[in-house]
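Enquirer: Predicted model and sequence below, questions to follow.
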Amino acid sequence: MARILVVEDNPANLKLATFLLESAGHEVLSAPDAEAGLALARGAQPALILMDIQLPGMDGLEATGELKRDGATRGIPVIALTALAMKGDEERILAAGCDGYIAKPIDYRSFLATVGRFTAPRGADQSPR
Ligand code: MN
C-alpha cells in the first residue's frame, strides 16, 4: 500500500488508473495538469508519481524535470504514462528524468507489475528494472 499521485488530464485514463491502483490497495491522489501535480507532489509527498506526458500547458516531461530539480521531490520515482511508444521515445522519457514508463492504452497486468516494482518493500524486489 502506497500513496500514489496520478497526473492525467484524460478522465477515462484517470478513472482506470485510479480503479487499478485502489484495487491493489493503494491510496490515489490525482491532478489534471502539471501545475496542480507539482503542488500536490510537494505537499503530499507521494511514494510514486504516474505522469501523463501529454498534458495541457506544461507537459509531463517538463513537469518531471521540475520534480527532479527540486530537492523536496527529487527522490520520488516518476513513471511516465505515454501513448508514444516509438523508437527514441523511451530515451527521451528517461532523459527527462522519468524512472520508467507505461504505454497507453493501459494493460492492467503490465500496469500493476510496473507499479509493483516501484512500490515493493526494499529487498523484496527481485525483478530487473
Ligand atoms: Mn493527456
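Expert: That came through fine.

Enquirer: near the ion, which residues of this structure?
Expert: 9, 10, 52, 54 (Cβ under 5 Å from the ion). No exception for glycine: its C-beta is placed from N, CA and C like everyone else's.

Enquirer: Show only the entries of those residues found in strands.
Expert: residue 52 (DSSP state E).

Enquirer: Can you add neighbour count and pLDDT and give the residues of the chain next to the ion back as TSV?
Expert: Putting the residues of the chain next to the ion into TSV (neighbours: other Cβ atoms under 10 Å; pLDDT from 0 to 100) gives the following:
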residue	neighbour count	pLDDT
9	16	97
10	16	96
52	26	96
54	15	94
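
Enquirer: okay if I get the residues of the chain next to the ion as CSV plus distance to residue 28?
Expert: Output for those, formatted as CSV (distance: Cβ to Cβ, whole Å):
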residue, distance to residue 28
9, 16
10, 15
52, 14
54, 20
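
Enquirer: I'd like to know the phi and psi angles of residue 81, please.
Expert: phi -100, psi 120 (degrees, to the nearest 10).

Enquirer: what residues are up against the closest residue to it other than its chain neighbours?
Expert: Spatial nearest neighbour of residue 81, excluding adjacent residues (Cβ to Cβ, 6 or more residues apart in numbering): residue 52 at 4.7 Å. Residues near residue 52 by Cβ atoms under 8 Å, 6 or more residues apart in numbering: 7, 8, 9, 10, 13, 60, 80, 81, 82.
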